[in-house]
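Engineer: Return atomic coordinates for the entry below.
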Amino acid sequence: MDNLSVSTTTRSIRGSDMFLLPPEPKREVVCTYQGIVGKDFQIFSNSITIAMNRDLVKNIELASAIALRMAFKFPAHNVLLVNTYAGTDLMQRSLADAIYRECMTANKKLPSAYQQYLPNVPAHDCDDTATFDFPENLRVLNSPTGRLTATSLAEEVEECHATTVILNSFEFTTWTLFMRAQFAQGLVGLQQRLHLTLIVFSHEMRHDMGPFRPGRGPIGILTAYAKSVWLLVDDGEDYYANQQRKRALHEKQTQIQSSQAGQEIEYEATFSNAAGLKNEEEERNLGMRPRREPG
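Structural biologist: Next up, the predicted model:
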């Protein structure tokens, strides 16, 4: 299913007139994320991208990293990061981590002012004299959990003239399935009307969904119009095993095994998602070594 409906009406046309319709808007790869299972996930311009990941915190981190990268890469375009879940501490930490990764990419030191948000960053990676020019084209919309509407989002997008919108938690936009379905329909209309690059993070894990393939529930409305659908998991073995069984990842990912419950997780592994964005200029991946998630 593609955007043919955008170029037509509900009235029939002659078959020969199909060849007179304008071409669909051009979509180009604007950002690539390399998952630890060895697969590249792409974001296309003027389209919807759905990123599915059970780990809510990693969704926040990756959404912030993508927002900062997109703002730097396209300084003439405004990026709107919509937060519907994270508190102040988590948002500050995720943005600080995104700054840290950008500094690593540029072979620069992290300004010491950000070290308070990332206490486990090695001291040799920080410098009191270092500076970081935060992009002016990146804005953050903090929406109270359960209260975001397509109308309020549209007003903010049009007011700040955003061309890229990143939603860090779809499930926490509204509380009921009915309202979430309405919100999903509004997102589709908003994306098509303004030709947005829209990235939506979800904590559902649905192997039955793919690009331009509708599915059950509100998220299925979005995948029907999505150019790219990501299934982000932390362990390749679990991913391929579940692919073979044609099963979704549910309880297995949420249970902590007793042998792993007491282990500390290193900082670099904790923030590995934020480091996985490809730097197209250098064509190298700065992702940290993969780790096995508890459970």
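Engineer: could you pull out the strands for the stretch 151-295 of the chain?
Structural biologist: With strands called from DSSP state E, counting those that start in this stretch, the stretch 151-295 of the chain shows them at 162-167, 197-202, 226-231.
Engineer: Ok, the stretch 1-150 of the chain next?
Structural biologist: Going by DSSP E, counting those that start in this stretch, the stretch 1-150 of the chain shows strands at 29-34, 40-44, 48-52, 78-83, 110-111, 126-127, 138-142.
Engineer: Tell me how many other residues crowd residue 50.
Structural biologist: 26 (other CB atoms under 10 Å). C-betas here are computed from N, CA, C, even on glycine.
Engineer: do the same with residue 179
Structural biologist: Residue 179: 15 neighbours (other CB under 10 Å).
Engineer: Same check on residue 46?
Structural biologist: Residue 46 is flanked by 20 other residues according to other CB under 10 Å.
Engineer: all helices of the stretch 1-150 of the chain, in order?
Structural biologist: Applying DSSP state H, counting those that start in this stretch to the stretch 1-150 of the chain gives helices spanning 4-7, 56-73, 88-105, 150-160.
Engineer: would TSV of these with mean neighbour count, mean pLDDT and distance to residue 177 be doable?
Structural biologist: TSV is the format used below for those (neighbours: other CB atoms under 10 Å; pLDDT from 0 to 100; distance: least, CB to CB, whole Å):
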stretch	mean neighbour count	mean pLDDT	distance to residue 177
helix 4-7	12	44	24
helix 56-73	24	94	19
helix 88-105	20	93	26
helix 150-160	15	95	15
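Engineer: Let me have those in a markdown table, extended by distance to residue 133.
Structural biologist: Listed next are the helices of the stretch 1-150 of the chain as a markdown table, based on distance: least, CB to CB, whole Å:
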| stretch | distance to residue 133 |
| --- | --- |
| helix 4-7 | 38 |
| helix 56-73 | 9 |
| helix 88-105 | 10 |
| helix 150-160 | 19 |
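Engineer: do you know which of those helices lies nearest residue 130?
Structural biologist: Across the helices of the stretch 1-150 of the chain, residue 130 has its closest neighbour in helix 88-105 (7.6 Å, CB to CB).
Engineer: packing partners for that closest one?
Structural biologist: When contacts are defined as 3 or more CB pairs under 8 Å, 6 or more residues apart in numbering; DSSP states H and E, helix 88-105 packs onto helix 56-73, strand 110-111.
Engineer: go with 10 Å
Structural biologist: Judged by 3 or more CB pairs under 10 Å, 6 or more residues apart in numbering; DSSP states H and E, helix 88-105 is in contact with helix 56-73, strand 78-83, strand 110-111, strand 126-127, strand 138-142, helix 267-270.
Engineer: any chance of these in JSON lines, with distance to residue 224 too?
Structural biologist: Below are the helices and strands packed on helix 88-105 laid out as JSON lines (distance: least, CB to CB, whole Å):
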{"stretch": "helix 56-73", "distance to residue 224": "21"}
{"stretch": "strand 78-83", "distance to residue 224": "21"}
{"stretch": "strand 110-111", "distance to residue 224": "42"}
{"stretch": "strand 126-127", "distance to residue 224": "46"}
{"stretch": "strand 138-142", "distance to residue 224": "25"}
{"stretch": "helix 267-270", "distance to residue 224": "34"}
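Engineer: Which among the strands of the stretch 1-150 of the chain is found nearest to residue 198?
Structural biologist: In terms of CB to CB, the element of these nearest to residue 198 is strand 48-52, at 4.8 Å.
Engineer: I'd like the mean pLDDT over that closest one, please.
Structural biologist: For strand 48-52, mean pLDDT is 95.
Engineer: Show me which positions of that strand end up buried.
Structural biologist: Buried residues in strand 48-52, counted by 16 or more other CB atoms under 10 Å: 48, 49, 50, 51, 52.
Engineer: wait, which of the residues you listed is closest to residue 104?
Structural biologist: Nearest member of these to residue 104, counting by CB to CB, is residue 51, at 22.2 Å.
Engineer: Apart from its neighbours in sequence, what residue is nearest the closest one?
Structural biologist: Closest residue to residue 51 apart from its sequence neighbours, by CB to CB, 6 or more residues apart in numbering: residue 230 at 4.4 Å.
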